[in-house]
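Asks: Dropping a prediction and its sequence here:
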Number of protein chains: 2
Amino acid sequence: MTLFGLDEAAVAGLAEGVRPSHAPRAGMEPGLAGEVFARAAWTCIAEPGDGTAGVLVDRLGAGPALAAVLEPGSPGRLAARVGATGVPEGFAEELGQALQRWRPRLSAGEVTRCLQQAARVGARLALPGDEVWPAGVDDLGRNAPLALWWRGTAPALASLANSIALVGARAATGYGEHVAMESSAGLVDRGFTIVSGAAYGIDGMAHRAALASSGLTVAFLAGGVDRFYPSGHDALLGRIVAAGAVVSELPCGAAPTKWRFLQRNRLIAASSAATIVLEAGWRSGSLNTAGHAAALGRPLGAVPGPVTSPTSAGCHRLIREYDAVCVTTAAEMAELVGDRVVQVPLDFPGDSETGARGGAPGRGERTSDQIRVFDALSARSPRTVHDVARRAGLSVAAVQGALGGLDLEGAARERETGWVRAST
Amino acid sequence: MTLFGLDEAAVAGLAEGVRPSHAPRAGMEPGLAGEVFARAAWTCIAEPGDGTAGVLVDRLGAGPALAAVLEPGSPGRLAARVGATGVPEGFAEELGQALQRWRPRLSAGEVTRCLQQAARVGARLALPGDEVWPAGVDDLGRNAPLALWWRGTAPALASLANSIALVGARAATGYGEHVAMESSAGLVDRGFTIVSGAAYGIDGMAHRAALASSGLTVAFLAGGVDRFYPSGHDALLGRIVAAGAVVSELPCGAAPTKWRFLQRNRLIAASSAATIVLEAGWRSGSLNTAGHAAALGRPLGAVPGPVTSPTSAGCHRLIREYDAVCVTTAAEMAELVGDRVVQVPLDFPGDSETGARGGAPGRGERTSDQIRVFDALSARSPRTVHDVARRAGLSVAAVQGALGGLDLEGAARERETGWVRAST
C-alpha cells in the first residue's frame, strides 16, 4: 500500500526515525512502518478526541482508513465500506462532516515534515498495544488517542499504570505549592509516578518535587513535544525528558490551543489511576481534568484549603458538589487507589449507664465510669468511695470498679483516708 | 404530696422563685409547683443523660418517681410499680444500680439550696412542653434532659428551633476565629440563632459575632448557670444572658466536669437544627458534638482549612470519614437546613463532534466548535473560512456556523480578506 504516493522505502525510513528501538538496523517488521506512518498522519489530520476518526480507524485499520480518506470517493461509499454494524447511529452523516474537516488537512508534506521533525528531536510514536502505551487511555473509547508522541524514557511512560495525576491552578499560592511539593514527594516515596500538565503553578511544582525525589514523572502537553509550553518551563521540561517522559497526541510543530488543552486534560485523567486537584479557583481548568476523571470513573480527590482563599474554592466545590474525596496527605491520596491507611476511631465517649452511643473503650481509653470517677477525685483531698460515688453520681460498686482501672493506670491512688487523683 | 418532708407552701415558694413568669402573685397553678420542685430535685440527683432516670420519670412522673426513690423500699418493689411493658430489658437490675447512685445524693437541703440560689441569680427552670423548651432535645429519648436551668431572654431560648450550632477548638487560630466570626454574622443575617458552648476560641467568637450583629445566641454550659465557665468569659456570658440565653441541665452550684462537658455537647447538637464544626484538632471535643449530631441524624457540616494546620485536621476527618458536608460560607451552612443556594454548573466543555461529555452551552458560554474556531483565528492576519477550517480541524459548514455566533458575540469580525479575532 502506498500513501500520498510515497513508496515503501520512504515510508519505512520516516517510520524508523520515530521507532528507533525496533530493529534499528535491519529494518522494521513488515506492516509496522505503514502503521506508524498512517497513525502519525492521523495525528496530523484529526484534532484530539475526534471520535469519528476513532471509529473509522478501529473498523478499517489506520492505513486503510487513511487511504480511504485520500480517495476522492463520496462519504456514502466510505460509509458503506465501514458497514452499519457496530458503528454509532448516524455514522454516515457524521463521516460526511468529518471528511470535510479532514480532507483540507491531507498533505504528504505535512506528515513527512512532522515525522522528520520528530526524528530530529528524538520524539517517538507510541501505538496502542505497545509496551509503553498507557492502557488507561483506552477507556476513552472512540475518543481515545490514535497514537501518542513522546520524548523521554520508556520506563517512565510504561509506569503510567501506577501513576497519580496532581493538577491545579496556574496562579498557585505558597500554600498550594507547598502542598503540591509534599504530595508529589510523598507519592513518589510510595512508588507512584506523578502525572501533570507542565503548567506554571501546581503542575510545575508537582513535576519538580517528583524529580527532586528521584521519582518518575510524565507531562502531557497540548502541543507538539518539540515545542515546550509554557516556554518558561523549557528547562523543567528538558529535565522531565531526561528522567521521565513528555507526551502529546499532537504532532511536532502543533501549537497548543484552548481546545487542545481541554483534550489534553482528558489524557491526564485517563492515563493515571487517580486524579488529585491540589488548588483550583472556582472555574479553574483543572476542574475540567477532574470532570474527565469523574466521567471515567477514576478516583478523584481534592485538597481542601482556607475557605478565605479563592484558589481553594474549586477544590471545595469538587468535594461539595462532585463527590471528590477530601484528601490531606500523600497517604490519603495513595489510599484512593487502594493503598490502605489505618483509621483511628473518633473518640465519642459513650455513657455506659445511660444507654446512649457507646462502644467499648479502646486500649488506653477510659470508660465512661472512669471518666466520671476521675472527675470526682481531688489531687489533694482524699475522698471515700461513698463520697466519690455521690459526686460522680454512680453506685458504690461502679466507683469501686472504676477505681480499680484508674489505680492500674496510675491515675488514682488510695490513701489512708480515701482516694486521690494521681495524675491527669 | 410532700417531698423531703417539705410542706406545700414551702415547695410552692421555692418553685415560684424559678418560675416567676407564672402567676407572679396569685400563686402557681396546682401541681406545677410540685412538678418544678421534683424536676429541680432530679437535676440534683441524676447526672446529665441518665437514661434510667429518664425512663422512671417518664413512667411515673417526676414527683412520684422522686417520692419512690425517697422511700426505703427495695429496687424490686419499685421496678414492679414501673411495670415490665415499655421499659428496656433488664430495667429492674438497672434500677437497682441507679438507686445506689441516686440515694447518696438525696438531700432536701441540697435541692432547697439550689432552688434558692437559682432564684437569687434569676435562673429559671424550663420543663418539657414549656413554650421555651427546645423541642429538639426530646429526640434524645430516655437520655433527654429532665429539666433545663436557664438565664436570659425567653425569645432567645424559644428561637432554638431555628438555630445552628457553631462549635470548634479552644485553641483556635486567627483563621478559625475569622471564619467563626463571618459564619456567625452571616447566619444571624439569615435569621438563625447561634448555639455554642461558651468556650475559649471558636465558641466564644461565634457568640461574640452573633451579639455584635444584634443576633440571638444561646450558650450551653457544663456546670450551673450561676457560675460561669470559663471564668475568663464572665463578661461575655453576662452579655449573652442580657441578649440571649445561657442554659444548663446542671443545678446551680454544680461544677463542670469532663463528663458533663461531653453530655453538654449532646444538648448543643440536639437543640439546634444543624451543627457546624469550624476548626478542630484531630481529637477535639467538638468532634464529640459532631458525633452526637450525626447520631441524631442532624445535618453536620465542617469547614475545611489548610491541610498544614493541625486545628483543621478534625474538620477534614469529619468530611472524609463521617460524611460531614464541606461548608465554606454562611450560605452553604444555611443550606444544610434547607435554605437553598443556587449552584453554578461546572464548566466541562464538551466536544460536540467527538461524542465525549458535552451538554448544552450555557448563556454566554461558547460551544466547542466556537472554542476551536476562536483558537484558529488570528487578531492580525485575516483568515479565510477554509483556512480556519483546516486549522481548527472542522468542516467549512461547522466553521461558518461557529463564526456566526462569534460575530454576534463580537469576538470575530469579517474583513475583506477573511476573518480576524476581535477580542479574547
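Replies: In hand now; what should we look at?
Asks: Up against chain B, what does the stretch 201-350 of chain A have?
Replies: A:257-260, A:262-263, A:266, A:282-283, A:287-288, A:291-292, A:295, A:303-308, A:312-313, A:316-317, A:319-322, A:325-329, A:332, A:343-344, A:346-349 (CB under 8 Å from any CB of the partner chain). Bear in mind the C-beta positions are built from the backbone N, C-alpha and C, glycine included.
Asks: ranges for the strands of the stretch 301-424 of chain A?
Replies: A:325-326, A:412-415, A:418-421 (DSSP state E, counting those that start in this stretch).
Asks: Okay, now the sheet partners of the first one, with direction.
Replies: What that stands for is strand A:325-326. strand A:300-302 (parallel) (DSSP bridges).
Asks: now the partner strand: how far from the chain's centre is it?
Replies: 9 Å (CA atoms, centre = their mean, to the nearest Å).
Asks: Now do it: everything it contacts.
Replies: A:274-277, A:280, A:290, A:293-294, A:314-316, A:318-319, A:322-327, A:332-333, A:336 (CB atoms under 8 Å, 6 or more residues apart in numbering or on different chains).
Asks: go with 7 Å
Replies: A:274-277, A:290, A:293-294, A:315, A:318-319, A:324-327, A:333, A:336 (CB atoms under 7 Å, 6 or more residues apart in numbering or on different chains).
Asks: cool, stretch A:400-412 as well?
Replies: Contacts of stretch A:400-412 (CB under 7 Å, 6+ apart): A:367, A:369-370, A:373-374, A:377, A:385, A:419, A:421-423.
Asks: And the residue of the stretch 51-200 of chain A that's closest to chain B?
Replies: A:Gln100 (3.5 Å; CB to the nearest CB).
Asks: picking up where we left off before, narrow the residues of the stretch 201-350 of chain A next to chain B to those that are buried.
Replies: By neighbour count, with 16 or more other CB atoms under 10 Å in any protein chain shown, these hold A:257, A:259-260, A:262-263, A:266, A:287-288, A:291-292, A:295, A:303-307, A:312-313, A:316-317, A:319-320, A:325-329, A:332, A:346-349 as buried.
Asks: Please list the members of the contacts of strand A:300-302 that lie in helices.
Replies: Among the contacts of strand A:300-302, DSSP state H puts A:290, A:293-294, A:315, A:318-319, A:333 in helices.
Asks: does any bit of stretch A:29-49 sit next to chain B?
Replies: Yes. Stretch A:29-49 is in contact with chain B by CB under 7 Å from any CB of the partner chain, via A:46-47, A:49.
Asks: With only the CA atoms kept, save that stretch in PDB.
Replies: C-alpha atoms of stretch A:29-49 as PDB (Å, rounded to 0.1, in the frame of the first residue of the first chain):
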ATOM      1  CA  GLU A  29       8.900  -5.700  10.700                       C
ATOM      2  CA  PRO A  30       6.600  -5.700   7.600                       C
ATOM      3  CA  GLY A  31       3.500  -3.600   8.000                       C
ATOM      4  CA  LEU A  32       4.700  -1.800  11.100                       C
ATOM      5  CA  ALA A  33       6.200   1.100   9.100                       C
ATOM      6  CA  GLY A  34       2.900   1.600   7.300                       C
ATOM      7  CA  GLU A  35       1.000   1.600  10.600                       C
ATOM      8  CA  VAL A  36       3.400   4.100  12.200                       C
ATOM      9  CA  PHE A  37       3.200   6.300   9.100                       C
ATOM     10  CA  ALA A  38      -0.600   6.100   9.000                       C
ATOM     11  CA  ARG A  39      -1.100   6.800  12.600                       C
ATOM     12  CA  ALA A  40       1.300   9.700  12.500                       C
ATOM     13  CA  ALA A  41      -0.700  11.000   9.600                       C
ATOM     14  CA  TRP A  42      -3.900  10.700  11.600                       C
ATOM     15  CA  THR A  43      -2.400  12.800  14.400                       C
ATOM     16  CA  CYS A  44      -1.900  15.500  11.800                       C
ATOM     17  CA  ILE A  45      -5.400  15.200  10.300                       C
ATOM     18  CA  ALA A  46      -7.700  14.700  13.200                       C
ATOM     19  CA  GLU A  47      -7.900  17.000  16.200                       C
ATOM     20  CA  PRO A  48      -7.500  15.300  19.600                       C
ATOM     21  CA  GLY A  49     -10.600  13.300  20.700                       C
END
